[in-house]
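this is the structure alone, sequence omitted:
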């Protein structure tokens, strides 16, 4: 089954056995293949980037391109023996499955970072047994991660909880005064959302008054919910790097590890607190006062007698991050090879 208006973006589907005799929108074209053509082989051909170029050339219409069934049935495709078709599909699916397994392993390791962090800091989330009451949720039965919750449990743990106010050395209050003969590099919310940290060249006339000047060794953290869980340490020199003002920015004291603070800011320990403190419905955000009053666990930066220091925690999380990056890189390479091998197999068929 395929959507003649959207096949170029992958709107194509093989109907599985469990959906036999089900209904589908009449916008879709439904057809079946004879014994010479393996349906999964055809599916891969129509889904491949190489063949999509050919499909786009055959579609009609300017705003909504339409690949009618008549056009589709007239397309010529390489048709090896059915056994070869199945072999091509099997190799492709095996490579894709192996790549997906790597990505799943990377996701599991990502989840393990929080578990490791809270384990090393000696933090346990106390689960409440929820009583069943009709139409009533008791406040004491709710899961709590807010500021007062932490204040109430600090004495039970082996480390101090401090506010962000108490750890920063200074804030970046630099205002942008654009110079006409200067070229600026700008990072906006769209870059933060994609986690690319790529800068776009921007003309001095296009700089918004709310923009901020990025400074070396400052930590930047998003204020808005859609971009939450985005933090970075800026390590470039120059006075031409600017960013959206929808960021908190501060420099920590010399006895605090920058990476440790970033990992804490990206952890559930902080994220769950922030979600409770956000205001506004349309674009939820946390206020500057609430953000800098957040309480975070702060072990010593380094101590031979203490295993759970900032440096130790950072080194272990860095190791996990490297494993995650390695898995994702291998998965991306395997997926690319699978697509390339598929196109070669089709061309050589």
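Right, received. Where do you want to start? Predicted model only: the values in this text are computed from it and were never measured. Numbers count the residues shown, from 1 in each chain.

now do the same contact list for residue 20.
If a contact means CB atoms under 8 Å, 6 or more residues apart in numbering, then residue 20 has no contacts. Yep, even glycine has a C-beta here, placed from its N, CA and C like the rest.

and the pLDDT at it?
Residue 20 is assigned a predicted lDDT (pLDDT) of 86.

give me the pLDDT for residue 137.
In the predicted model, residue 137 carries a pLDDT score of 36.

scratch that, residue 297
On the pLDDT scale, residue 297 is placed at 87.

these two touch, right, it and residue 120?
No. The pair residue 297 / residue 120 is not scored as a contact, 9.6 Å apart, by CB atoms under 8 Å.

how about low-confidence regions in the stretch 1-150 of the chain?
The stretch 1-150 of the chain contains residues with pLDDT under 70 at 8, 61-64, 124-150.

the helices in it, which residues?
Using DSSP state H, counting those that start in this stretch, the helices assigned to the stretch 1-150 of the chain run over residues 39-47, 49-58, 69-74, 82-121, 147-153.

who has more neighbours out of residue 297 and residue 120?
Shown here are residue 297 and residue 120; by other CB atoms under 10 Å, residue 297 has more neighbours (25 against 18).

any idea how far that one is from residue 322?
Using CB to CB, to the nearest Å, we find residue 297 at a distance of 24 Å from residue 322.

then residue 96?
With distances defined as CB to CB, the gap from residue 96 to residue 322 amounts to 24 Å.

who's more crowded, these two?
Here residue 96 and residue 322 are compared on neighbour count by other CB under 10 Å; more neighbours surround residue 96, at 16 against 10.

what sits closest to that one if chain neighbours are left out?
If the residues on either side of it in the chain are set aside, residue 96 comes closest to residue 338, at 5.5 Å by CB to CB, 6 or more residues apart in numbering.

what is the burial count for the residue nearest to residue 12 when sequence neighbours are not counted?
Across the structure, with CB to CB, 6+ apart as the measure, the residue nearest residue 12 apart from its sequence neighbours is residue 2 (4.1 Å). Using other CB under 10 Å, the number of residues around residue 2 comes to 19.

thought residue 2 was touching residue 46?
Yes. Look at residue 2 against residue 46 with CB under 8 Å: they come within range, at 7.3 Å.

hey, what's in contact with both of the two?
Common contacts of residue 2 and residue 46, defined by CB under 8 Å, 6+ apart, comprise residue 12.

residues in contact with the lengthiest strand in the chain?
The strand spanning the most residues in the chain, taking DSSP state E as the definition, is strand 247-252. Contacting residues not belonging to strand 247-252 are listed as 164, 167-172, 192, 212, 214-215, 217-223, 258, 261, 288, 291-292 [CB under 8 Å, 6+ apart].

residues contacting whichever helix or strand comes after that strand, please?
Going down the chain from strand 247-252, the next helix or strand is helix 258-265, by DSSP states H and E. Contacts of helix 258-265 with the rest of the structure, by CB under 8 Å, 6+ apart, involve 113, 117, 167, 217, 219, 221, 231-233, 252, 270, 296-297, 301, 310-311, 313-314, 317-318.

now, of the residues you listed, which are buried?
113, 117, 167, 219, 221, 231-232, 252, 270, 296-297, 301, 310, 313-314, 317 (16 or more other CB atoms under 10 Å).

so which of those residues belong to strands?
Filtering these for strands - DSSP E - leaves 219, 221, 231-232, 252, 296-297.

hmm, which of the residues you listed is lowest in pLDDT?
Comparing pLDDT over those singles out residue 231 as the least confident position, at 78.

ok, that residue touching residue 219?
Yes. Taking contact to mean CB under 8 Å, the distance of 6.6 Å between residue 231 and residue 219 places them in contact.

neighbours around residue 205, how many?
By the other CB under 10 Å criterion, the neighbourhood of residue 205 contains 7 residues.

ditto for the one 3 residues further on
Residue 208 has 13 neighbouring residues, counting by other CB under 10 Å.

now do the end-to-end distance for stretch 243-258.
Counting by CA to CA, to the nearest Å, the length from the leading to the trailing residue of stretch 243-258 is 20 Å.

list the buried ones in that stretch?
Neighbour-count burial for stretch 243-258, with 16+ other CB under 10 Å as criterion, is recorded at 243-244, 246-252, 256-258.

could you do stretch 208-217 as well?
By 16+ other CB under 10 Å, the buried positions in stretch 208-217 come out as 211-215.

work out the gap between stretch 30-46 and the centre of the chain.
Using CA atoms, centre = their mean, to the nearest Å, we find the averaged C-alpha position of stretch 30-46 to lie 34 Å away from the chain's own average C-alpha position.

which of the helices of the stretch 1-150 of the chain is buried the deepest?
Highest mean neighbour count of the helices of the stretch 1-150 of the chain: helix 39-47, a mean of 19 (counted as mean count of other CB atoms under 10 Å).

quick one: residues contacting the nearest residue to residue 27 once chain neighbours are set aside.
Nearest residue to residue 27, sequence neighbours excluded (CB to CB, 6+ apart): residue 3, at 5.9 Å. Residue 3 sits next to 11-12, 27-29 when contact means CB under 8 Å, 6+ apart.

and of the buried residues of stretch 208-217, the nearest to residue 104?
Sorting the buried residues of stretch 208-217 by distance to residue 104 puts residue 214 at the head of the list, at 35.5 Å, by CB to CB.
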